[in-house]
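1. After the sequence you'll find the predicted model.
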Amino acid sequence: MEKSKVLVVGGTGYIGKRIVKASLAQGHTTYVLHRREIGCTSDIDKLQMLLSFKEAGARLVEASFDDHRSLVDAVKQVDVVICTMSGVHFRSHNILQQLKLIEAIKEAGNIKRFVPSEFGMDPARMGNAMEAGRVTFDEKMEIRKAIEEANIPHTYISANCFAAYFCGNLSQLGTLLPPKHTAYIYGTGNVKVIYMDEDDVAAYTVKCIDDPRTLNKTVYLRPQQNILTQRELIAKWENLKGIELQKITVTADEFLASMKDMDFVRQVGVIFYYHIFYEGCLTNFEIGDDGEEASQLYPEVHYTRMDEYLKRYL
C-alpha cells in the first residue's frame, strides 16, 4: 500500500521534531509547515532544524495561520495532517489556533486523516478536572467538536506522561533531574502511571495514520512495561544507582495547599500532577470500543522501558 503524504504542523517543537523524523523513517513523503517569518535572527535554531529536515528528505512548506489561503494550499499537497503545536499545554491559546487549520482542512477536502495536538491525558475523560488545569482540556474538546462537526477523519493520541518531564526526575516537581538524596512520594505512591519515551510517542503516532483500525478513534499509548507506580519508578533508579533515597510522603491536602502562592502556569502543573498521581486519571478506566492501545496494534515497535531510559541520567 502506498504510504500517505504527511504534513507536520509545529515540526520544530518538542514532539513535532520527533514526528518529522518518525514520518521520514517510516517512509512517508513528509512536509513541514513553517512560518514566513522564520528567517528572522531570533529563529536561527528553528531555521537550522528546518534545513536539517530538508537535508533528510523533508519538504518545507511556507504558510501562515493568518493567511487562510496559504493553509489551504499547504493542506492540498498531502493526505494526512499531524498538528503538534503547543507541546507545553499551558500555552492553551495555541491549541485554539487549530480551529484555523480545521477550516483549511475542511475547505481543502482531501485529507484522509487529521491528528490534532493532544499527546497527553485524554481530555474526554477530564471533565471533572480542577479549575486551574481544566481550561486546557476544555479547549482540546472544543477542537475535537470542530473536527467531528466538519466530518474530518481523525485519530486522537493519548500519550500520557513524557519521560523527560516525568521519568528522569522520578516525577519530582520543579526539576528535570533525579533527586540526589530525597524523593517526595505523592500519596501512597502506588497509583499506576504511564511513562512514554517521546521518540516512541512519535513512532506510534505515525504508525496510526494509515491504519483503518485507528480511524475516528482515540489511540492510547499504554505499553505494559511502562505502567509503573511512582514507587516502582524510584526503585528502578535506586537499583541502577545503587543508592536508597529518603522518601517523604505528601498528602493530597498538602500537595494542593502548595499552590497557594504559585502563578497560574505552576498551578496548572500541580493540578496535572494531582490528577495523575493522586486520582490515577491515566489508568483508572478501561479502553472501550472507541479506542485502541498502541503497543497491541504495533508489537513491532520496540518501545523504551523506563529502566533503560533512566540509564542516561547515571
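-> Ah, there it is.

2. now the helices for the stretch 201-314 of the chain?
-> Counting by DSSP state H, counting those that start in this stretch, one finds helices in the stretch 201-314 of the chain at the ranges 230-241, 252-257, 264-273, 294-297, 306-310.

3. weakest of those helices in terms of mean pLDDT?
-> Mean pLDDT is lowest for helix 264-273 out of these, coming in at a mean of 87.

4. could the helices of the stretch 201-314 of the chain be laid out in a markdown table, adding distance to residue 133 and mean neighbour count?
-> Any C-beta I mention is one placed from the backbone N, CA and C, and that applies to glycine too. Putting the helices of the stretch 201-314 of the chain into a markdown table (distance: least, C-beta to C-beta, whole Å; neighbours: other C-beta atoms under 10 Å) gives the following:
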| stretch | distance to residue 133 | mean neighbour count |
| --- | --- | --- |
| helix 230-241 | 19 | 18 |
| helix 252-257 | 12 | 13 |
| helix 264-273 | 3 | 18 |
| helix 294-297 | 25 | 18 |
| helix 306-310 | 24 | 18 |
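
5. out of those helices, which comes closest to residue 51?
-> helix 306-310 (29.4 Å; C-beta to C-beta).

6. Please list the residues outside the closest one that contact it.
-> By C-beta atoms under 8 Å, 6 or more residues apart in numbering, the residues outside helix 306-310 that reach it are 163, 167-168, 178, 195, 197, 225-226, 228, 233, 236-237, 239-240.

7. cool, stretch 94-112 as well?
-> Applying C-beta under 8 Å, 6+ apart, the external contacts of stretch 94-112 come out as 4, 9, 65, 68, 71-72, 74-76, 78-81, 83, 85-86, 89, 114, 116-117, 136, 139-140, 142-143, 146-147, 150, 152-153.

8. so where's this structure shaky on pLDDT?
-> 37-42, 86-93 (pLDDT under 70).

9. tell me which strands and helices the helix ranked longest in it is in contact with?
-> Counting by DSSP state H, the longest helix found in the chain is helix 131-149. For helix 131-149, the packing partners by 3 or more C-beta pairs under 8 Å, 6 or more residues apart in numbering; DSSP states H and E come out as helix 92-96, helix 98-108, helix 264-273.

10. can you give me the strands for the stretch 151-300 of the chain?
-> Ranges of strands in the stretch 151-300 of the chain, per DSSP state E, counting those that start in this stretch, are 155-158, 161-162, 182-186, 192-196, 217-220, 227-229, 246-250, 291-293.

11. now the first one, how far from the centre of its chain.
-> If I follow you right, that is strand 155-158. Here strand 155-158 is found 9 Å from its chain centre; the criterion is C-alpha atoms, centre = their mean, to the nearest Å.
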